[in-house]
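A.B. asks: Sequence first, then the predicted structure, then my questions.
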Amino acid sequence: MKWNWFLGGAVVAILAGCGLVPPIPLSDPLQLNGKSVTLSLTGGALSSQSAMSGSVNVSVEDVLSGVSIPFTPGSFKACYDFTVTGDAPSSAPMSLKLTNIKMNLTLQDASNGSTTIQATASEVTLSVSGGKYTGDGKNLCGDFADVGKVVAILSSPPASNTLTGTFSLDTDATLPPGTTLTITFENGQGEIKL
């Protein structure tokens, strides 16, 4: 019996290495769809730009409970699109470029420990309409640092896990004090590669 299990695992590993085992898709793997984070100015204003950040703190259920994974996967990727909104003060520029977009998160539970993910996105340009900044970001993506750990956290008790960390970005213009931006996540997609 041990030989059959080992042989089956070896066959799956070989097929996965050859690209013949398709990745396992997951919808909203971090359960961020519809969740928001408010960014505010951090530190002093720079000469020609501003840095903004906000905290993320959500509960995540065991999305892998019941998902059959034959052995420790090679990678676990999570991607989200997002919208950006915020008041545009009269002194603010009519368009605003967001760069250095990063989300650094820690996923943990009481029994299985923790692992981290850093997701990044390409720059986003906001436009002003009706006194509001609006814009859309695509492909805020990252891979978990410890794939075995994230699988354990999202597949075994306790069923409720926590996801905490920060979302941060830079702007291409100095913003007035009190400026905030709201990031709302959508279209979350995950992929486990064997």
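C.D. replies: That came through fine.
A.B. asks: residues contacting the closest residue to residue 43 other than its chain neighbours?
C.D. replies: Closest residue in space to residue 43, ignoring its immediate chain neighbours: residue 51 at 6.0 Å, by C-beta to C-beta, 6 or more residues apart in numbering. For every residue, glycine as well, the C-beta is placed using N, CA and C. By C-beta atoms under 8 Å, 6 or more residues apart in numbering, the contact list for residue 51 reads 41-43, 168-171.
A.B. asks: Equivalent analysis for residue 190, please.
C.D. replies: With contact taken as C-beta under 8 Å, 6+ apart, residue 190 is in contact with 25-30, 63, 76-79.
A.B. asks: element containing residue 182?
C.D. replies: strand 180-193 (DSSP states H and E).
A.B. asks: And that strand, what's buried?
C.D. replies: Neighbour counts over strand 180-193 (16 or more other C-beta atoms under 10 Å) mark 181-185, 188-193 as buried.
A.B. asks: Output the below-cut-off pLDDT ranges for this structure.
C.D. replies: Flagging of the chain using pLDDT under 70 yields the residue ranges 1-20, 44-47, 70.
A.B. asks: Spell out the residue ranges of the strands in it.
C.D. replies: Read by DSSP state E, the chain holds these strands, from start to end of the chain: 24-27, 36-41, 51-61, 75-87, 95-109, 113-121, 124-129, 132-143, 160-171, 180-193.
A.B. asks: Return the list of strands paired to the fourth one, each annotated with direction.
C.D. replies: Counting by DSSP bridges, the strands paired with strand 75-87 are strand 132-143 (antiparallel), strand 180-193 (antiparallel).
A.B. asks: Mind listing what's buried along it?
C.D. replies: Residues of strand 75-87 classed as buried under the neighbour-count rule (16+ other C-beta under 10 Å) are 76-82, 84-86.
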